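A.B. asks: quick check, what structure comes out for this input:
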Amino acid sequence: MRYSAKEILGVMAKQLGNTPAVCKKAYVHPAVLALGSKLAGDAGAMNDIWQEIAGRTKSVRRLHSAEARLLAFLHRHWLESRRAQKAVRGAQKQKAQPFLVGLFGAVRA
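C.D. replies: Numbers count the residues shown, from 1 in each chain. Down below sits the predicted model:
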C-alpha cells in the first residue's frame, strides 16, 4: 500500500477549492495523517487497527460504517490524549510539592 499525504491533500484541495496547506490545517485531523503514515510503514497493522476500532464502534444513525469507524478512531485518540495529559499534570504536581514545602516550610494544621 502506498501512502502519500501530499497526493491525498492535493486531491482533497482540488475538490474543496482550497490549497493543500489549508486542507491539512482545517479539514484533516493530525491523528488521521499519523495513522496513514503508520499504515504506510506496516500494511499488516491496518487489519489490527480496523478490528480494534470496529470492536468499539457503536451504531450511529445516519453515518456510513466508514464514518462511524473514523469517529471511533478520533474518540479513542482523544481519550488517549486526555490520559497522557493527566499523567503529565500528575507528574508535574508531584514535582511541585517538594518545592512548595521547601519554599514555605512544613505547614501544620
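A.B. asks: what stretches of this protein score poorly on pLDDT?
C.D. replies: Counting by pLDDT under 70, the chain has low-confidence residues at 1-3, 43, 53-60, 94-109.
A.B. asks: in the lengthiest helix in it, what's buried?
C.D. replies: What stands out as the longest helix in the chain, according to DSSP state H, is helix 65-104. Of all the residues in helix 65-104, those buried under the rule 16 or more other C-beta atoms under 10 Å are 68-70, 72-73, 77. C-betas here are computed from N, CA, C, even on glycine.
A.B. asks: same thing with stretch 25-40?
C.D. replies: Under the neighbour-count criterion of 16+ other C-beta under 10 Å, stretch 25-40 has 28, 32, 35-36, 39 buried.
A.B. asks: sort out for me which of the residues you listed are in helices.
C.D. replies: Using DSSP H, the subset of the buried residues of stretch 25-40 located in helices is 32, 35-36, 39.
A.B. asks: tell me the one among those nearest to Glu52.
C.D. replies: Nearest to Glu52, judged by C-beta to C-beta, of those is Leu35 at 11.9 Å.
A.B. asks: any idea how far the closest one is from Arg89?
C.D. replies: Leu35 sits at a distance of 26 Å from Arg89 (criterion: C-beta to C-beta, to the nearest Å).
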